[in-house]
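Visitor: Sequence plus predicted model, see below.
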Amino acid sequence: KKAYGIQRISLPALESVGGDFEIEKNPSLASIQGLTRLSMVGGGLEIEKNPMLETLPDFNALQTVGGDLEIKKNGALRDLKGFKALTSVGKDLEITKNPRLRSIDAFHALTTIGDDLEIEQNASLRSIKGFGALQMIADDLQIKSNPGLDALPEFPALRSIGDELDILGNGQICQNDLNR
């Protein structure tokens, strides 16, 4: 079988991107390597529509994303880890429509989201860990249509949601989870 297009991205010395950093619509992309020094993205970071991409780099040096952080429509993505130094996202943090995503264990240092936190339509998602330092979401918190999710993530430091809190259509989540 012949593969077309980019199969691997490697940027080991990259430290910052002043604008948007988009990795989108790469039908053969299986691997993203390096990015161990990337500490700042001034605009959005979008990883979207890469059907062969099973894992992401850890992005463990990344501290700020000025725009949206979107991880969407990556058909083979199984686990989301890392982002250990990320403290702020300027706009939305979206993790949506990743049908094979089983777990999220990331964003442990994240304190502020400038717009929405959306975790939606991830058919295989079973667990969400992280978000323990998250204090403020400027707009909505939406955890919707994740049929495999049986427990809500814990948000022990969350003090403020600017607008809506929507927990809808998620597996066996019950009222007791909301009262934790």
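Guide: Ah, there it is.

Visitor: Do a quick rundown of the helices in this protein.
Guide: Using DSSP state H, the helices assigned to the chain run over residues 175-178.

Visitor: any low-confidence regions in it?
Guide: Low-confidence segments of the chain (pLDDT under 70): 1-4, 174-180.

Visitor: which residue is nearest the middle of it?
Guide: Nearest residue to the geometric centre of the chain (CA atoms, centre = their mean): Ile95, 4.6 Å.

Visitor: what's across from that residue in the sheet?
Guide: Ile71, Ile119 (DSSP bridges).

Visitor: what's near enough to touch it?
Guide: Ile71, Lys72, Leu80, Leu101, Ile104, Glu118, Ile119, Glu120, Asn122 (CB atoms under 8 Å, 6 or more residues apart in numbering). C-beta: built from backbone N, CA, C; applies to glycine.

Visitor: now, which of those sits nearest Ile143?
Guide: Of all the contacts of Ile95, Ile143 sits closest to Ile119, with 4.9 Å by CB to CB.

Visitor: what about the closest one, how many neighbours?
Guide: By the criterion of other CB atoms under 10 Å, Ile119 has 25 neighbours.

Visitor: likewise Pro99?
Guide: Pro99 has 14 neighbouring residues, counting by other CB under 10 Å.

Visitor: Find the nearest non-adjacent residue to it, please.
Guide: Leaving aside its chain neighbours, Pro99 sits nearest to Ala123 (4.7 Å; criterion: CB to CB, 6 or more residues apart in numbering).

Visitor: hang on, that neighbour packs against Gly148?
Guide: Yes - between Ala123 and Gly148 a contact is recorded at 6.7 Å, counting by CB atoms under 8 Å.

Visitor: quick one on the thing from earlier: make a ChimeraX selection of the buried ones in the contacts of Ile95.
Guide: Buried members of these, defined by 16 or more other CB atoms under 10 Å, are picked up in ChimeraX with:
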select :71,72,80,101,104,118,119,120,122
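
Visitor: quick one on the thing from earlier: need the contact list for the residue nearest to Pro99.
Guide: Shown in contact with Ala123 (CB under 8 Å, 6+ apart): Pro99, Arg100, Asn146, Pro147, Gly148.

Visitor: most neighbours, which of the residues you listed?
Guide: The residue in the contacts of Ala123 with the most neighbours, by other CB under 10 Å, is Asn146 (25 neighbours).

Visitor: Wait, that residue touches Gln172, no?
Guide: No - using CB under 8 Å, Asn146 is not in contact with Gln172, being 11.1 Å away.

Visitor: Nearest to Val65 among the contacts of Ala123?
Guide: Closest to Val65, out of all of these and judged by CB to CB, is Asn146, at 22.8 Å.
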